[in-house]
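Participant: what follows is a protein structure lacking sequence information:
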């Protein structure tokens, strides 16, 4: 995988608070069900990649999509999570599944 | 909100078997076929298309089929979709081989 960096200012910054969209999956979808609707934080900008939901149908996969590594607190993902409140889960999610939301006031 | 047959994360699944086993000849052949077809030289389909084909199985088939059986079904569906061969050509060849196997005990 040769990741192309997104244009300056076009990607969400690491640390940004986001929500994974609750939308119907594409015919080939890389966003897991259990994360849809979950609140998380951008951990890393992975780069621009061809869109797998289009590559899956023999298309060029354009426009390219920014892929983010997103970190979630387990307690924000599972309603009855019994482990530590500091436990996290990390997933690679494409930009068209992500909305930026206001961060928590600390 | 729709959940695809392959999207099993977070659902109860019981204990996971972590036993290792050597690959069978059949598994190696399926793997080789997939790699040749999706490699940069032929580029008949992408690994994304493989995944999409596997994910289009019914829930019953997805759970019931072996890993490489899902692969070979996906390869079959995709080479037909990409017009490399027709379904009839595959079916005719399989019928021919079944007859040969019944007559001679060999393929």
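Facilitator: Structure's in. What do you need? Source: prediction; values computed, not measured.
Participant: what count of nearby residues applies to residue A:24?
Facilitator: By other C-beta atoms under 10 Å in any protein chain shown, 9 other residues sit near residue A:24. Bear in mind the C-beta positions are built from the backbone N, C-alpha and C, glycine included.
Participant: can you tell me the closest non-neighbouring residue to it?
Facilitator: Closest residue in space to residue A:24, ignoring its immediate chain neighbours: residue B:2 at 5.4 Å, by C-beta to C-beta, 6 or more residues apart in numbering or on different chains.
Participant: do the same with residue B:10
Facilitator: The spatial neighbour of residue B:10 that comes closest, neighbours along the chain excluded (C-beta to C-beta, 6+ apart), is residue A:34 at 4.1 Å.
Participant: from residue A:56, how far off is the one you found?
Facilitator: According to C-beta to C-beta, to the nearest Å, residue A:34 stands 21 Å off from residue A:56.
Participant: now do residue A:9
Facilitator: 30 Å.
Participant: could you do residue B:77 as well?
Facilitator: Using C-beta to C-beta, we find residue B:77 at a distance of 12 Å from residue A:56.
Participant: who has more neighbours out of the two?
Facilitator: Using other C-beta under 10 Å, the more surrounded residue of residue B:77 and residue A:56 is residue A:56, with 24 against 19.
Participant: wait, what's in contact with the nearest residue to residue A:4 once chain neighbours are set aside?
Facilitator: Once flanking residues are discounted, residue A:4 sits nearest to residue A:48: 4.3 Å by C-beta to C-beta, 6+ apart. Taking C-beta atoms under 8 Å, 6 or more residues apart in numbering or on different chains as the criterion, residue A:48 is in contact with A:3-6, A:64-67.
Participant: what's across from residue A:48 in the sheet?
Facilitator: Beta bridges link residue A:48 to residue A:4, residue A:66 when assigned by DSSP bridges.
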